[in-house]
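**Student:** Make a model of this:
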Amino acid sequence: MKSKRIIAALLAGIMCMSVFAGCSNGDSGKETTQSSVKTEQSETKDENTDQQSTEQESSKTEDNSQAEQSQQTTASESTTHTLYIRDGDKNKELSAVFINTVSGKTEEKALTKVREEEDNVTYSCDNDVSLYNMVHLKYSDNVTMDVAFNKFVSGWYLKDEALLPYVEGTTPDYNPKYKVETFKFDGYDKNVYIWTPKDYDENAEEKYSTIYLFDGQNVLDVNMGGIINCWNVAESVESMMAVTDYKAIIVAIETLGSPDGTTSTRADELIPDLGEFAKYEGMTADDELKSKKRGGALADFICDTVMPKVQKDYNVYDDKMHTFLAGSSFGGLATYYTVLSHSDKFGAGGVFSPSFGVYDDNAWAKFVETVDKDNLPFMYIYDGGYYTDNGKFSENMYKNMLEAGYPKDKIVFDKYEPGQHFETYWRNAFPEFLEAAFTQKLDGLEEGAVVEYVDKTEPDNNPANVSETETSADLAGMADYLYYDNSETKWDKVFAYWWGNETKNKITGEPYGKEWPGVEMEKIEGTDIYRIAVPVGPSGFIFNSGVTDDEVKKGTTAYQTVDLPYSASKYAGKIYKIDMSVEAEKGRGVEKTKFRYPAGEWSEYKE
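**Tutor:** Now for the predicted structure:
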């Protein structure tokens, strides 16, 4: 649960300029239609399979035809797209602020009411997807987070200040149905969650694409991983299918380590062996990452064990141009490694906030030398802030890849500078990956463009690490404390933990630490109420019983809330109480003695 990540110097060295030389002619691909790029790659035969049958060749011809037709349709379409918002809060007015995350261009538009129903109002407006790639809403005194704006989004559902993907004209339920398959990996059971669309047809002549995802425990369903914000990938794919001719199933691979929590960890499974880990100034033995580096074995497991079964049991294409992989953090690192080391299997990789910094530039350069330069996938890289996420590592990796000769028409980097290392941000950007995977481009961002962060200020030297809604004037009017009601949970101690931006004590102005389990809260004498000086800056919050990660590994029982969305301006002066009528969810793997309470309520604190 530690939030501490290895951060330090940039990957400053430059990769060998010739490592991607085998595909450096990709620059001329700008004059070639995307359909011809798809056709060329789809016709690449998989030499690792024994099923080189006439039926497979016929399937590939059909695949290429579909790719060409889809691209021709896309090329002839207008770049105007309608943004639909289902407003569950029934605001009287909404406006949309469209953003290009690389150029900084913005435009605000008022939304028009489409219809009003008993529990929601639907709004809409049009804009140009070639100019903007994200959008947020403004209403009353509120501003939502930015979410993807492209032709792969049917709509966004506004509820309780959050935006979730949905299909316009339907009632969202966010309860996706999926099948659980169990495989053996490294001698222990590994769950793989397979989701199919509601109208999935196993006999349809037109097959489905397959989207593989790491961290399957928190990408499909909020109830799987004890996290209040999951990726909602099923809803995003349903949204895509409603407004495009593309369709897909999802194969989400659980990467929590071994069920007993001792044989293997998430870091063991996702990190490949590229040599020694990077060393940075000031690192101690406690800071060093621990991993068995089984990422290569996991990549082989997906391609050699999971993928053949999926292609046998489901009505999916088996060529690379209909097969994609995505993941975040260590999962982003694993995605990058897997799609390059198995480039005959994947047509695109979604690399979200990748932990590139675990290895230095020399290790990455040696790995790239082993890659098939003539069969590279389209690479979509997303990262948040330079310091609030892994932006500094992604910026440098992206630059090094281009300088090393990676085809410019096969790579795009969305740097979202306000972003943090959290599932909500990856959910918001996921429709961009869908567009990149299926069309091998993004309308709103240029492939291979020069991308550089504007804000590279060290966090500790940046006094502006407070959200726009938490200005000095706001702070002056805020209550000083945040409260927790321990009358039913009866924990021996209560701690507060948070993440997202540098966090300071509202009263003293001094920075708070970030190590799990956080800061011990003060008990109000004669009560079961605990308080803490309002943390200013973070976007996520957890109340917990103060048990460390090491204690959990040794079998100590720990309790906590799920991850709670947070802003100081909204929750200062309020008290949180867990709803004990909703059973706590038991952790898995190394966290098997950790219990998360999924329900609770904020209310005004009264002395």
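**Student:** Dump stretch 149-163 to CSV, restricted to CA.
**Tutor:** Extracted in CSV, the C-alpha atoms of stretch 149-163 (Å, rounded to 0.1, in the frame of the first residue of the first chain):
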residue,chain,number,x,y,z
PHE,A,149,-13.4,13.6,-26.0
ASN,A,150,-13.4,11.6,-29.3
LYS,A,151,-15.6,9.6,-31.6
PHE,A,152,-15.2,6.5,-29.4
VAL,A,153,-17.3,8.1,-26.6
SER,A,154,-21.1,7.8,-26.7
GLY,A,155,-21.5,9.8,-23.5
TRP,A,156,-20.5,10.6,-20.0
TYR,A,157,-22.7,10.2,-16.9
LEU,A,158,-22.4,13.0,-14.3
LYS,A,159,-23.2,11.8,-10.8
ASP,A,160,-21.9,13.1,-7.5
GLU,A,161,-19.3,15.2,-9.3
ALA,A,162,-17.8,12.3,-11.1
LEU,A,163,-18.0,11.4,-14.9
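**Student:** Can you give the distance of it from its chain's centre?
**Tutor:** 16 Å (C-alpha atoms, centre = their mean, to the nearest Å).
**Student:** Next up, the contacts around residue 243.
**Tutor:** Counting by C-beta atoms under 8 Å, 6 or more residues apart in numbering, residue 243 touches 151-154. No exception for glycine: its C-beta is placed from N, CA and C like everyone else's.
**Student:** Please identify which pair of these lies farthest apart.
**Tutor:** Longest distance between any two of these is 9.7 Å, between 151 and 154; criterion C-beta to C-beta.
**Student:** okay, those two: which has more neighbours?
**Tutor:** The neighbour count for residue 151 versus residue 154, taken as other C-beta atoms under 10 Å, is higher for residue 154 (24 against 21).
**Student:** For the more buried one, grab phi and psi.
**Tutor:** According to degrees, to the nearest 10, the main-chain angles of residue 154 amount to phi -80, psi -40.
**Student:** thought it was touching residue 148?
**Tutor:** No. With contact defined as C-beta atoms under 8 Å, residue 154 does not reach residue 148; the gap is 11.6 Å.
**Student:** before we move on, what SS does the residue nearest the centre of the chain have?
**Tutor:** Computing the C-alpha centroid of the chain and ranking residues by C-alpha atoms, centre = their mean puts residue 426 first, at 2.7 Å. Under DSSP: H, G, I helix; E, B strand; the rest coil, the three-state class of residue 426 is helix.
**Student:** what comes up buried for stretch 487-500?
**Tutor:** 489, 491, 494-500 (16 or more other C-beta atoms under 10 Å).
**Student:** what do you get for stretch 195-212?
**Tutor:** If you call a residue buried by 16+ other C-beta under 10 Å, then stretch 195-212 has these buried ones: 195-197, 207-212.
**Student:** Likewise for stretch 93-106?
**Tutor:** 94, 96-102.
**Student:** Export those residues to JSON lines and append columns for secondary structure, pLDDT and distance to residue 294.
**Tutor:** Formatted as JSON lines, those follow (DSSP: H, G, I helix; E, B strand; the rest coil; pLDDT from 0 to 100; distance: C-beta to C-beta, whole Å):
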{"residue": "94", "secondary structure": "coil", "pLDDT": "95", "distance to residue 294": "48"}
{"residue": "96", "secondary structure": "strand", "pLDDT": "97", "distance to residue 294": "45"}
{"residue": "97", "secondary structure": "strand", "pLDDT": "97", "distance to residue 294": "44"}
{"residue": "98", "secondary structure": "strand", "pLDDT": "98", "distance to residue 294": "43"}
{"residue": "99", "secondary structure": "strand", "pLDDT": "97", "distance to residue 294": "39"}
{"residue": "100", "secondary structure": "coil", "pLDDT": "96", "distance to residue 294": "39"}
{"residue": "101", "secondary structure": "coil", "pLDDT": "94", "distance to residue 294": "34"}
{"residue": "102", "secondary structure": "coil", "pLDDT": "91", "distance to residue 294": "35"}
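**Student:** which of these lies closest to residue 578?
**Tutor:** Distances from residue 578 to those, taken by C-beta to C-beta, are shortest for residue 94, at 33.1 Å.
**Student:** what residue ranges in the stretch 451-600 of the chain score low on pLDDT?
**Tutor:** Low-confidence segments of the stretch 451-600 of the chain, defined by pLDDT under 70: 459-478, 500-502, 514, 539, 588-590.
**Student:** Which residue ranges of it form helices?
**Tutor:** Assigned by DSSP state H, counting those that start in this stretch, the stretch 451-600 of the chain shows helices spanning 472-477, 549-553, 568-571.
**Student:** ok, back up a step: which one of the buried residues of stretch 487-500 is nearest residue 311?
**Tutor:** Nearest member of the buried residues of stretch 487-500 to residue 311, counting by C-beta to C-beta, is residue 499, at 38.7 Å.
**Student:** For the protein, identify the residue most remote from the centre.
**Tutor:** residue 526 (44.0 Å).
**Student:** Touching, residue 572 and residue 506? I think so.
**Tutor:** Yes. Using C-beta under 8 Å, residue 572 is in contact with residue 506, at 7.2 Å.
**Student:** if we can go back for a sec, the residue nearest to the centre of the chain contacts residue 231, correct?
**Tutor:** Yes. Between residue 426 and residue 231 there is a contact under C-beta under 8 Å: 5.8 Å.
**Student:** Since that was my last question, I'll sign off now.
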